[in-house]
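**Student:** got a predicted model here, sequence first, then my questions.
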Protein chains: 2
Amino acid sequence: MAAVARAATTSDAFNAIAEPQRRDILALLRAGEWPVTDLARELGMSQPRASKHLRVLREVGLVRVREAGKQRWYGLDARGLRPVHEWLGGFERFWAGSFDRLDAYVQDLKQEAE
Amino acid sequence: MAAVARAATTSDAFNAIAEPQRRDILALLRAGEWPVTDLARELGMSQPRASKHLRVLREVGLVRVREAGKQRWYGLDARGLRPVHEWLGGFERFWAGSFDRLDAYVQDLKQEAE
DNA sequence: CCATCATATTCCCATAACGGCATGCGTCAA
DNA sequence: TTGACGCATGCCGTTATGGGAATATGATGG
């Protein structure tokens, strides 16, 4: 009860999308809803595996389920990705290298390389 | 050599930013370069801890080091965040709920709730 | 060369993550 | 009711993680 090894993966969208297969699932769901088995086959993973990833995605609110008979159609709920996008937004201005500090820094690197 | 428990955290930016403290570090570095000890104190974490997180960030290319005497100034290299941003870009159109499927889906949910 | 400061690294622990496999559970058809 | 189907869970094993404490490594000043 001492060392918290790491935050639960189910804690937030950041963790949820850290797993490649979950990103694949989300990408696939942009095309519409999918029943678990089909989704699993489409992505080449076992059904339990798909169910587990879908559970994580469901718990962080990135995915919704619609029950229809014995099938469960999973659909995307991309709103959960907004926090990630907003956080990233705080860094966009640094990509272009237009920020003074970064520019100066890059210059430093170049000089050191000579 | 059998079950690969999970991808290494050091594998990519997605994993690197899944950890809240690393996001804090990146956010702090937007203000400029920081020596490890100062950064650690500023964020209220031990020095070894800061070093470890910085190492991960360095390995995925989100951070650069500039050595100056016995200090090491860490600086942001936000370019590594582009892949994340680009991946997210593929979902922006779904946030507004303007996508037919999502709308229809939400309607379904509402009806079921009655 | 030695003491010191700034960092990085190692060792160890507790925990969480993923995967496979087997199984539980609900739904539907016969 | 029974069996098949679709999916969720449970359990187990392996691996990675984050944290703390101690220690190693590097550079600097005397």
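**Tutor:** All right, it came through fine.
**Student:** identify the residue spatially nearest to the most centrally placed residue in chain A, adjacent ones excluded.
**Tutor:** With distances taken as Cα atoms, centre = their mean, residue A:17 lies nearest the centre of chain A, 2.0 Å away. Setting aside the residues directly before and after it, residue A:17 is nearest to residue A:23 in space (Cβ to Cβ, 6 or more residues apart in numbering or on different chains), at 5.6 Å. To be clear about C-beta, it is placed using only N, CA and C from the backbone, and glycine gets the same treatment.
**Student:** residue A:13 is in contact with that neighbour, correct?
**Tutor:** No. In terms of Cβ atoms under 8 Å, residue A:23 does not count as a neighbour of residue A:13; the distance is 11.2 Å.
**Student:** what helix or strand is the residue nearest to residue A:17 on?
**Tutor:** If you go by DSSP states H and E, residue A:23 is part of helix A:20-29.
**Student:** report the distance from that helix to the chain centre.
**Tutor:** 8 Å (Cα atoms, centre = their mean, to the nearest Å).
**Student:** that helix - contacts with which helices or strands?
**Tutor:** helix A:36-43, helix A:47-59, strand A:63-68, strand A:71-76 (3 or more Cβ pairs under 8 Å, 6 or more residues apart in numbering or on different chains; DSSP states H and E).
**Student:** ok, now with 7 Å
**Tutor:** helix A:36-43, helix A:47-59, strand A:71-76 (3 or more Cβ pairs under 7 Å, 6 or more residues apart in numbering or on different chains; DSSP states H and E).
**Student:** the shortest one pairs with which strands?
**Tutor:** Looking at strand A:71-76 with DSSP bridges, its paired strands and their directions are strand A:34-35 (antiparallel), strand A:63-68 (antiparallel).
**Student:** deepest of the ones you listed, which one?
**Tutor:** strand A:34-35 (a mean of 19; mean count of other Cβ atoms under 10 Å in any protein chain shown).
**Student:** and that one, does that touch DNA strand D?
**Tutor:** Yes. Strand A:34-35 lies within reach of DNA strand D by Cβ under 7 Å from any atom of the strand, at residue A:35.
**Student:** centre of the chain to that strand, how far?
**Tutor:** On Cα atoms, centre = their mean, the centre of strand A:34-35 falls 19 Å from the chain's centre.
**Student:** so where's chain A shaky on pLDDT?
**Tutor:** Applying pLDDT under 70 to chain A flags residues A:1-10, A:97-114.
**Student:** next, the angle helix B:82-89 makes with the particular helix or strand that has residue A:84 in it.
**Tutor:** In the assignment (DSSP H and E), residue A:84 maps to helix A:82-89. Here the directions of helix A:82-89 and helix B:82-89 differ by 140 degrees (axes from the mean of the first three to the mean of the last three Cα atoms, to 10 degrees).
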